[in-house]
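A.B. asks: Quick one, structure for this:
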Amino acid sequence: MLINQVLRYEGNLHDACSFAMKAALSETKVPALKVVHDEETNEVSVDVCDDPYEYGVLDVSKLPLLITVGQINGVHTVDTTIKEDSVTLARITYGIIPSGSIVYMNKDGGGSLDLLNIRSMTKIASEIGPQLNELLMKKVQLSKDKQASWGHANERLLFDDDNFV
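C.D. replies: Numbers count the residues shown, from 1 in each chain. Below is the predicted model:
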């Protein structure tokens with residue numbers, strides 16, 4: 001299954017928020033910290049670096065995206081419009097990690113679903129989820145590449161060498 005269109009402006013709010021959250025967290029800059037533990041007094045002190053170019057970034061590559069699959073008259077839909085959503089009998093929102101595994105599942109709507117439909121909807125979500133994640137991460141990387149060309153390429157992952165950076 002290939003995706004031609006990622007999201008429309010009137011699609012599912014939960015799904016769109018999960019995309020926005022993952023993109024925003026990927027751009028979050030956490031100030032560098034130095035944690036010192038005094039063995040004699042058993043006190044811990046945390047110093048925050050004042051240099052705005054000394055920071056770490058969060059690794060969001062394994063965070064899940066929400067994919068909602070609805071059922072309208074026996075047909076399964078993804079990223080429904082407002083009109084489609086108003087006639088959706090039942091929908092399942094899945095949290096899908098990049099490998100396609102499901103880490104969250106929530107059924108919504110007044111209609112019932114049989115096991116065959118649930119399996120079909122699960123297959124759709126686990127196939128589409130990794131594709132959408134790949135598209136999102138490409139956009140995030142493109143944004144980071146543009147920022148690096150502006151001269152702000154001093155990013156490091158938060159846990160470089162077993163130490164919090």
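A.B. asks: Secondary structure class of the spatially most distant residue from the centre of the chain, three-state.
C.D. replies: Relative to the mean C-alpha coordinate of the chain, counting by CA atoms, centre = their mean, the farthest residue is Glu40 (43.0 Å). Under the three-state scheme (DSSP: H, G, I helix; E, B strand; the rest coil), Glu40 adopts coil.
A.B. asks: Need the pLDDT of it.
C.D. replies: Each residue has a pLDDT score; the one for Glu40 is 88.
A.B. asks: What distance do you get for it to Lys34?
C.D. replies: Remark: distance between Glu40 and Lys34 (CB to CB, to the nearest Å) = 19 Å. Just so you know, the C-beta spots here come from the backbone N, C-alpha and C atoms, and that holds for glycine as well.
A.B. asks: go on, Gln141?
C.D. replies: 29 Å.
A.B. asks: same check, this time on Gln131
C.D. replies: According to CB to CB, Gln131 and Lys34 sit 41 Å apart.
A.B. asks: before we move on, what about Asp79?
C.D. replies: Asp79 sits at a distance of 45 Å from Lys34 (criterion: CB to CB).
A.B. asks: Neighbour count for these two, which is higher?
C.D. replies: Legend: neighbour count by other CB atoms under 10 Å for Asp79 and Lys34, higher for Asp79 (22 against 12).
A.B. asks: Alright, that wraps it up for me.
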